[in-house]
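Student: Return a 3D structure for these sequence lines:
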Amino acid sequence: MLKKVFASAVFGVEASTITVEVNVDSGIGYHLVGLPDNAIKESNYRIAAALQNNGYKIPGKKITINMAPADLRKEGSAYDLTLAVGILAASKQIQANNLEEYLIMGELSLDGSLQPIKGALPIAIKAKEEGFKGFILPKQNAKEAAIVNDLKVYGIENIKQVINFFDKGEEIEQTIINTREEFYKNLDYPDFDFADVKGQEGIKRCMEIAAAGGHNIILVGPPGAGKTMLAKRLPSILPPMSLKEALETTKIHSVVGRVKADSGLMAQRPFRSPHHTISNVALVGGGSYPQPGEISLCHNGVLFLDELPEFKREVLEVMRQPLEDREVTISRAKFTVTYPSSFMLVASMNPSPSGYFNDPDSPVTSSPAEMQRYLSKISGPLLDRIDIHIEVTPVPFEKLSDERKGEASIDIRKRVTKAREIQTERFKDSETVHYNAQMHVKHIRAHCKLDDASKTLLKTAMERLNLSARAYDRILKVSRTIADLEGEKQINGSHISEAIQYRSLDREGWLG
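Tutor: Residues are numbered from 1 along each chain as shown. Next comes the predicted model:
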């Protein structure tokens, strides 16, 4: 007897429906076809034990299972439950007349209990698009899948529940989530707050500008100056995620199985801080069966690279294209997947190998030549994509010992959100540009017009400070953000002069 059961496979951040055809006929043998990987080939042992321990068995007949489309590679243990239900239905051990209405997935333990799967959210989205009535999956993934409205989601703990659901009509409790209510309930602020930062008012201002315009930023300073502390607090002043951004981010984390069981939808912007020993595949994504890398896991959030020159040069160079295009495409012989990677890059570094400026009062000093050689580990094209360079100096004792709290993140966030709203209105007709850091040349020319006095100021600064040509557009973008923070429609001289200060690494004596 032939029975069809439906499952799904995830490629990139999108799912494709898989039809599992189970045919039980006279004879002996177990044949599993349709490009399954080793985890799926081993499923018959898990299925046999799970069925045996729940009063059922794999029939001693010829069983042929095809996973269609047969030319699409299937991987992972999430098809155990699909195959088990198909075998029971095809061998007439259970009555299952409405199998085609449900999408079924889950990894089986030997006692029949279910283990969580990866990619529950994109699979649920696809199930709704394909018109399935419900989605049966492990209970640990139920909240994640229930984000999708108009799809019945059943979280189960044991295969016995599924058998009784189809064979005896026993009800399974449906998981229901009010997506908007769940999202806004969890829309709290991160643990780190700018109120804890002593001094560094100039750097806080710089971080506020970076957050308001979505600008990439690099912090240069000696050990203990507070670079990491400041970077960790950046997500606390970014505008709250929209529901669309939260869904995009949750989909990516769902694919790698990083969504927490007790919270279906991610409401906080991700903050990723990989170690400098990371490989280029781990950073941008890839592998034999491509998985998202760190730059995709921090989509709509912050990627923090501490001690930037310590990263391998080839690792940093592979970020150049994703920083520009805000997505990364991974190509293999038989398929291509694209992962979104729209993130803010925050980097920090010491100014020299010893960590200190050319200062006779420092415990260890470095010569200008050593500083130049160390800084040159970072390529010009990568720096080209970083709008703001700022020097961080150590905090004096008087400010460290001050008991007064600094300005709270919630207050800074209000100004940042207001500036972002101005930019959203400005770029409402553009599909690719949403905030100032994403502006192309035509947008810069349209929205960053200068009066004669501002042009003269910028020209003088570029000549006297030996600023590179690449700094020109960056200064205009940052100036536009500063003007937005102040609610000004026109960029003026004060905005330009402040933006010029944030190009430290373009000056003579740093990178030449």
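
Student: my read: residue 262 touches residue 143, true?
Tutor: Yes: contact between residue 262 and residue 143 holds when scored by CB atoms under 8 Å: they sit 7.1 Å apart. (Glycine included, C-beta is placed from N, CA and C.)

Student: Look at the two and report which has more neighbours.
Tutor: More crowded of residue 262 and residue 143, by other CB atoms under 10 Å: residue 143, with 22 against 7.

Student: With adjacent residues omitted, what lies nearest to that one?
Tutor: If the residues on either side of it in the chain are set aside, residue 143 comes closest to residue 264, at 3.7 Å by CB to CB, 6 or more residues apart in numbering.

Student: cool, and residue 274?
Tutor: The shortest distance from residue 274 to any non-neighbouring residue, by CB to CB, 6+ apart, is to residue 294 (4.9 Å).

Student: Assess the claim that that neighbour and residue 281 are in contact.
Tutor: No: the criterion here is CB under 8 Å, and residue 294 misses it with residue 281 at 10.4 Å.

Student: Tell me which of these two has more neighbours.
Tutor: Comparing residue 294 with residue 281 by other CB under 10 Å, the one with more neighbours is residue 294, at 20 against 15.

Student: what are the phi and psi values for the more buried one?
Tutor: Residue 294 adopts backbone torsions of phi -60, psi -40, taken as degrees, to the nearest 10.

Student: ok, it - contacts?
Tutor: Going by CB atoms under 8 Å, 6 or more residues apart in numbering, residue 294 touches 272, 274, 278, 282-284, 303.

Student: Could you dump these into JSON lines with distance to residue 412 added?
Tutor: JSON lines is the format used below for the contacts of residue 294 (distance: CB to CB, whole Å):
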{"residue": "272", "distance to residue 412": "22"}
{"residue": "274", "distance to residue 412": "26"}
{"residue": "278", "distance to residue 412": "30"}
{"residue": "282", "distance to residue 412": "32"}
{"residue": "283", "distance to residue 412": "29"}
{"residue": "284", "distance to residue 412": "31"}
{"residue": "303", "distance to residue 412": "21"}
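
Student: which among those end up buried?
Tutor: Neighbour-count burial (16 or more other CB atoms under 10 Å) applied to those gives 272, 274, 282-284, 303.

Student: follow-up on the earlier one: so which of the contacts of residue 294 are in helices?
Tutor: 282-284 (DSSP state H).

Student: for the nearest residue to residue 327 once chain neighbours are set aside, what are its contacts?
Tutor: Counting by CB to CB, 6+ apart, residue 327 lies nearest to residue 340, which is 5.2 Å off, once chain neighbours are set aside. Neighbouring residues of residue 340 by CB under 8 Å, 6+ apart: 13, 248, 252, 296, 299, 326-327.

Student: For residue 340, what are phi and psi?
Tutor: Backbone phi and psi, for residue 340 under degrees, to the nearest 10, turn out to be phi -70, psi 150.

Student: How much space separates it from residue 82?
Tutor: 29 Å (CB to CB, to the nearest Å).

Student: related to what we said a few turns ago, now render the ones in helices among the contacts of residue 294 as TSV, adding distance to residue 461 and pLDDT.
Tutor: Formatted as TSV, the ones in helices among the contacts of residue 294 follow (distance: CB to CB, whole Å; pLDDT from 0 to 100):
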residue	distance to residue 461	pLDDT
282	40	94
283	35	95
284	36	92
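
Student: Serialize these to JSON lines and add fields for distance to residue 139.
Tutor: Below are the ones in helices among the contacts of residue 294 laid out as JSON lines (distance: CB to CB, whole Å):
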{"residue": "282", "distance to residue 139": "31"}
{"residue": "283", "distance to residue 139": "34"}
{"residue": "284", "distance to residue 139": "34"}
